[in-house]
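Asks: requesting a structural model of the entry that follows:
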Amino acid sequence: MKKSALLAAPALAMAVAALPATPAAAADSWSFQAELAPVNNSTAAGSAVVDVTGQEATVTVEVAGAPALFQGAPYPHAQHIHIGGQGVCAPPTADADGDGAVSSMEGEPWTGAIGVSLTTAGDTTPASAVAVDRFPAGAAYTYQRTVPVDAATLEALQSGTAVVNVHGADPAALSAAAQAKVNPMAPDLPLASDVPIACGVLAGSQMAVPEGPADTGVETAGTGSATNGLVGTAVLGVLVLGAAAAGLRRRAAGGR
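Replies: Numbers count the residues shown, from 1 in each chain. Predicted coordinates:
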């Protein structure tokens, strides 16, 4: 019994030392938000929320005050997450050709290039930048979709340089010079379809906490204070057993 008690304390100490510094989580999760303000003299505004878990993001975009019709049909409003730029919305001074509208190309040094196309279905890469049949349409809409995010997009989100642009200006609100131009990415469309009407920078909000452990079939320790309690209990056990072992040694010595 004395030998068992003496051996128990170092064994438990080794077990405590083996505990992970932080508990295993279901997946790395973050949340980012942006207020979408009118640009290019538009009346469109709204908000965007990007909740990232692992390599996927659930994106929610709400827009109101956008042009309602285009060529007699609901106006499709292309929307993208831009990355790789300065992480700001393009200012009016970005109008390099002086036509009174800051096009996507003119604004790219500020907003960056397209990282994710926020389409309603199908592909979400930059290849779908002008997939007008797969973007939300009309004067007001709420969009939500879970999309993949690559490393470059996640880095831009975490560094605060990711920008959301909503496109599709009222052609009648543009200058005559701008009305005469075409969309540089889709020459069969007018420049108005490319002109941003609302923009916002995605900033990190309170970290999203997964509701439970990953569905791996393996139970994991709790997070936060629960884990601290587990470690504290184990350490307390070491101290108690150590004290008991010391008492046994004193009694054994006294018996000699």
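Asks: can you report how many residues lie near residue 171?
Replies: Counted with other C-beta atoms under 10 Å, the neighbours of residue 171 add up to 16. All C-beta atoms are positioned from the backbone trio N, CA, C, and that covers glycine.
Asks: is it true that it touches residue 190?
Replies: Yes: with contact defined as C-beta atoms under 8 Å, residue 171 counts as touching residue 190 (5.8 Å).
Asks: list the buried ones in the helix or strand containing residue 145?
Replies: Assigned by DSSP states H and E, residue 145 belongs to strand 141-148. Residues of strand 141-148 classed as buried: 141, 143, 147 (neighbour count, 16 or more other C-beta atoms under 10 Å).
Asks: likewise stretch 48-58?
Replies: 48, 49, 50, 51, 52, 53, 57.
Asks: out of the residues you listed, which one sits closest to residue 195?
Replies: residue 48 (18.4 Å; C-beta to C-beta).
Asks: that older thread, report all helices and strands that whatever helix or strand comes next after the strand holding residue 145 contacts.
Replies: Using DSSP H and E, the helix or strand that follows strand 141-148 towards the C-terminus is helix 151-159. Under the contact criterion of 3 or more C-beta pairs under 8 Å, 6 or more residues apart in numbering; DSSP states H and E, helix 151-159 touches strand 29-38, strand 45-53, strand 79-84, strand 112-117.
Asks: packing partners for the second one?
Replies: Secondary structure elements in contact with strand 45-53, counted by 3+ C-beta pairs under 8 Å, 6+ apart, are strand 29-38, strand 56-64, helix 151-159, strand 196-201.
Asks: which one of these lies closest to residue 96?
Replies: Short answer: strand 196-201, nearest of the helices and strands packed on strand 45-53 by C-beta to C-beta, at 14.8 Å.
Asks: what packs against that closest one?
Replies: Going by 3+ C-beta pairs under 8 Å, 6+ apart, strand 196-201 lies up against strand 29-38, strand 45-53, helix 104-111, strand 163-167.
Asks: who's in contact with the next helix-or-strand element following it?
Replies: As assigned by DSSP H and E, the chain's next helix or strand after strand 196-201 is strand 203-204. The contact list for strand 203-204, computed with C-beta atoms under 8 Å, 6 or more residues apart in numbering, reads 30, 31, 32, 33, 34, 157, 158, 160.
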